[in-house]
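Peer 1: Provided below for reference: sequence and predicted model.
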Amino acid sequence: MSFGVFAILFVGGASVLAAWTFARFPRIAPRDLRTALIHLGGSMLAGQVVSPFAGSLTASSGAPVRIGFVLGVALPALWYTILSFIWLLALVQAAIRRGSLQ
């Protein structure tokens, strides 16, 4: 499998997991835009911290460590970023329907 195909499937899988979480657990979604932006900012910051660590770890490790890192750290980080973005989009959409941003 080429890296391009893997990347598309990886992001697609994280997106499907985030959409499922959004639909299945609506109570965990933030109630206001400020909280949603904090979630999104925190998830993006975590992704920026994970990226350099991932490069150094995976370059000097074997396949089991790489697979463990991808499934145990990178996938949850990407899932949370996408889920935070979905929450933000849902809140903005609701505010537009109401006619005001709160």
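Peer 2: Arrived safely, thanks for sending.

Peer 1: show me what the helix or strand containing Ala94 is packed against.
Peer 2: Ala94 belongs to helix 75-98 when elements are defined using DSSP states H and E. Where contact means 3 or more Cβ pairs under 8 Å, 6 or more residues apart in numbering; DSSP states H and E, helix 75-98 is packed against helix 3-24, helix 33-59. C-beta here means a position set from N, CA and C on the backbone, and glycine is covered the same way.

Peer 1: for that helix, buried residues please.
Peer 2: 77-88, 91 (16 or more other Cβ atoms under 10 Å).

Peer 1: which one of these is nearest to Leu40?
Peer 2: Nearest to Leu40 among those, counting by Cβ to Cβ, is Ser84 at 4.2 Å.

Peer 1: correct me, but that closest one touches Ile38?
Peer 2: No: proximity of Ser84 to Ile38 does not meet the contact threshold set by Cβ atoms under 8 Å, at 9.0 Å.

Peer 1: low-confidence ranges, the chain, go.
Peer 2: 101-102 (pLDDT under 70).

Peer 1: spatially central residue for it, please.
Peer 2: If you average the C-alpha coordinates of the chain and look for the closest C-alpha using Cα atoms, centre = their mean, you land on Thr81, 2.5 Å from that point.

Peer 1: ok, and the closest non-adjacent residue to that residue?
Peer 2: Nearest residue to Thr81 in three dimensions, chain neighbours excluded: Ser43, at 4.2 Å (Cβ to Cβ, 6 or more residues apart in numbering).

Peer 1: if I look at the one you found, how far off is Val65?
Peer 2: Applying Cβ to Cβ, to the nearest Å, the value for Ser43 to Val65 is 24 Å.

Peer 1: looking at the two, which is more packed in?
Peer 2: Neighbours were counted for Ser43 and for Val65 using other Cβ atoms under 10 Å; Ser43 has more, 19 against 12.

Peer 1: distance of that one from Trp87?
Peer 2: For Ser43, the distance to Trp87 equals 10 Å [Cβ to Cβ].

Peer 1: just Ile8 next, same as before
Peer 2: Using Cβ to Cβ, Ile8 is found at 24 Å from Trp87.

Peer 1: that concludes my questions; thank you for your assistance.
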